[in-house]
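K.L.:
let's see this in three dimensions:
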Amino acid sequence: MRSDPLASGLDRTALLRVHRSDDVAIALRPLEVEEQLEIEGQVLTVQQPVPVGHKLALRPLQRGAEVRKFGWPIGRMTADAIPGEHVHSHNLATLLEDIEAYRYTPIAPEPLPPTSAVFQGYRRGDGPVGTRNEIWILPTVGCVARTAGRIAEIARARHAGAVDGIHAFSHPFGCSQLGDDLAGTRSLLAALASHPNAGGVLLIGLGCESNQLDALLAEIPLHARSRVRSVLAQSSGDEVADGLAAIDALVANARLACRTEVSIGELVVGLKCGGSDGFSGLTANPLVGRIADFVNGAGGSTILSEIPEVFGAERGLMARARDRHVFEGIVAVVNDFKRHFLDHGQPISENPSPGNIAGGITTLEEKSLGAVQKSGGAAVADVLRYGQMVRRKGLTLLEAPGNDAISSTALAAAGATVILFTTGRGTPLGTAVPTLKIASNSSLAARKPGWIDFDAGQVLHSGVDVVAADLLTKLTAVASGEQTASERNDEREIAIWKRGITL
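P.N.:
The predicted model follows:
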């Protein structure tokens, strides 16, 4: 007779089952062949070496059977597997194939937790509140990107300490673009030019580019134009001198701004993941989801993007749509993105990346089900197209690809004043706004302290509630001026989504 596993010396801490209906468990440490483990009263014998973060079969899985994780299907078995066998790309494949039809089946949104958290921010007149008071230099076209950089270098030395920073954001676009592609570039730059983290903005134009300076200025909302100056290089005798004179005036005005105490309901938080691993959906993303609930519950705004990384999890978001109009907006943005893939001859399930796969994520459904947890439990209040700015409180879904630089820039342009960026593999990337890097595992946090701002691996032993309180404290500190790792490293980039032909 087999001994009671609860009375044995079997390791009960090596595996984690996310949902009671799941067919797989997650390895919390590397597993060796023939190890015997106990999970929920079941004894498993490990059949192959299983890396940390990877999946292990909990029951017999036949070829063709759907496999569940997070309580949802994440793929179909391509070979039989017995309990204790490694489940990954060698025997599990995606279920995703094509554009789908969806039905509106709304669910009641979860109650959002209360909070009295505050931060010290910059209120721009009667409008939004910024977390930084910086001067931004935006070129209309790549031809003057280096000019913008030279002006920034000189201005930083001239005005050291006067504002929170002076930054030029270069890009290679703005000319040889047509139609919607050019319009997207212009809308994104106009949105950045009106951002509340910028106490002043200098636009540098060339003169002959497709993205004409006058047309760009016309797209900037009226309430933000008082903080914007411009220089046209081909019409200027000395564009660097003229740019510096404009910066002098912008700095003089911006330095009058002061931080004041405001509720976190004044935050606009971008929700982002990059370099995900098998723990991202277990620790960092649910943790960020809890913070999103605090922000939304206080009357703030959160933005979820990376549309290809909701494929397979989109029905959960659609069920949370505030009304039928928002539901139809989610359907349109998801299926338009799928059509974009198919029109270019690419499968919609090409994600996950090699790094994701190495970290234990097998299919796009698995990645997406973990990724959408960043959004918490709030209703989806709005859907935005690329280059549009947040217009409603609550959770917004924003059209943008999964690429880290492009989606981070899109979040900033939409109005995010800080970004919570979860990662299991690590990245030094920073964008126009403070980007707080949250490690899904403690090993990454220990190995890369120069990249990582917060260790979400603590969730595994301390629980989400305890760690969420610490992350909320960290978020308010960053929103109040504490620099993130990417800011300390001067990792400040933007990237524009290029969708059309180049002339």
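K.L.:
which residues of the stretch 351-500 of the chain fall in strands?
P.N.:
Assigned by DSSP state E, counting those that start in this stretch, the stretch 351-500 of the chain shows strands spanning 380-384, 394-398, 418-423, 435-439, 454-455.
K.L.:
stretch 186-199: end-to-end distance?
P.N.:
End-to-end distance for stretch 186-199: 20 Å, by C-alpha to C-alpha, to the nearest Å.
K.L.:
next up, the contacts around P196.
P.N.:
Neighbour list for P196: Y122, R124, G127, P128, V129, G130, G415, T417 [criterion: C-beta atoms under 8 Å, 6 or more residues apart in numbering]. (Glycine included, C-beta is placed from N, CA and C.)
K.L.:
tell me the contacts of E306?
P.N.:
Shown in contact with E306 (C-beta under 8 Å, 6+ apart): K272, C273, A371, A400, P401, G402, S407.
K.L.:
rerun at 10 Å
P.N.:
By C-beta atoms under 10 Å, 6 or more residues apart in numbering, the contact list for E306 reads 271-274, 351, 367-368, 371-372, 374, 397-404, 406-408, 410-411.
K.L.:
narrow the residues you listed to those that are buried.
P.N.:
Buried members of those, counted by 16 or more other C-beta atoms under 10 Å: 271-274, 351, 367-368, 371-372, 374, 397-402, 404, 406-408, 410-411.
K.L.:
please tell me how far A65 sits from G278.
P.N.:
21 Å (C-beta to C-beta, to the nearest Å).
K.L.:
in helices, which of the contacts of E306 fall?
P.N.:
Those of the contacts of E306 mapping onto helices are K367, S368, A371, D404, I406, S407, S408, A410, L411, per DSSP state H.
K.L.:
pull out the buried residues from stretch 258-271.
P.N.:
Neighbour-count burial for stretch 258-271 [16+ other C-beta under 10 Å]: R259, V262, S263, I264, G265, E266, L267, V268, V269, G270, L271.
K.L.:
next, the distance between the ends of that stretch.
P.N.:
27 Å.
K.L.:
what pLDDT, on average, does it get?
P.N.:
For stretch 258-271, mean pLDDT is 98.
K.L.:
for L28, state which of the contacts of P196 is nearest.
P.N.:
T417 (35.2 Å; C-beta to C-beta).
K.L.:
and for that closest one, the neighbour number?
P.N.:
26 (other C-beta atoms under 10 Å).
K.L.:
ok, now P128?
P.N.:
Burial of P128 is recorded as 23 neighbouring residues (other C-beta under 10 Å).
K.L.:
quick one: L250 is in a helix?
P.N.:
Yes - counting by DSSP: H, G, I helix; E, B strand; the rest coil, L250 is part of a helix.
K.L.:
S187 against M389, yeah?
P.N.:
Yes - counting by C-beta atoms under 10 Å, M389 is a contact partner of S187 at 9.0 Å.
K.L.:
between the two, which contacts overlap?
P.N.:
A413.
K.L.:
now the top helix by length along the chain - C-alpha only, PDB.
P.N.:
If you go by DSSP H, the chain has its longest helix at helix 324-343. Taking Å, rounded to 0.1, in the frame of the first residue of the first chain, the C-alpha atoms of helix 324-343 are listed here in PDB:
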ATOM      1  CA  ARG A 324     -21.900  46.900 -26.600                       C
ATOM      2  CA  HIS A 325     -20.100  49.800 -28.300                       C
ATOM      3  CA  VAL A 326     -16.900  49.100 -26.400                       C
ATOM      4  CA  PHE A 327     -17.300  45.400 -27.100                       C
ATOM      5  CA  GLU A 328     -17.600  46.100 -30.800                       C
ATOM      6  CA  GLY A 329     -14.400  48.300 -30.600                       C
ATOM      7  CA  ILE A 330     -12.500  45.400 -29.000                       C
ATOM      8  CA  VAL A 331     -13.700  43.000 -31.700                       C
ATOM      9  CA  ALA A 332     -12.700  45.400 -34.500                       C
ATOM     10  CA  VAL A 333      -9.200  46.100 -33.100                       C
ATOM     11  CA  VAL A 334      -8.500  42.400 -32.500                       C
ATOM     12  CA  ASN A 335      -9.700  41.200 -35.900                       C
ATOM     13  CA  ASP A 336      -8.100  44.100 -37.800                       C
ATOM     14  CA  PHE A 337      -4.800  43.100 -36.200                       C
ATOM     15  CA  LYS A 338      -5.400  39.400 -37.200                       C
ATOM     16  CA  ARG A 339      -6.200  40.500 -40.700                       C
ATOM     17  CA  HIS A 340      -3.000  42.600 -40.800                       C
ATOM     18  CA  PHE A 341      -1.000  39.400 -40.100                       C
ATOM     19  CA  LEU A 342      -2.900  37.300 -42.600                       C
ATOM     20  CA  ASP A 343      -2.800  40.000 -45.400                       C
END
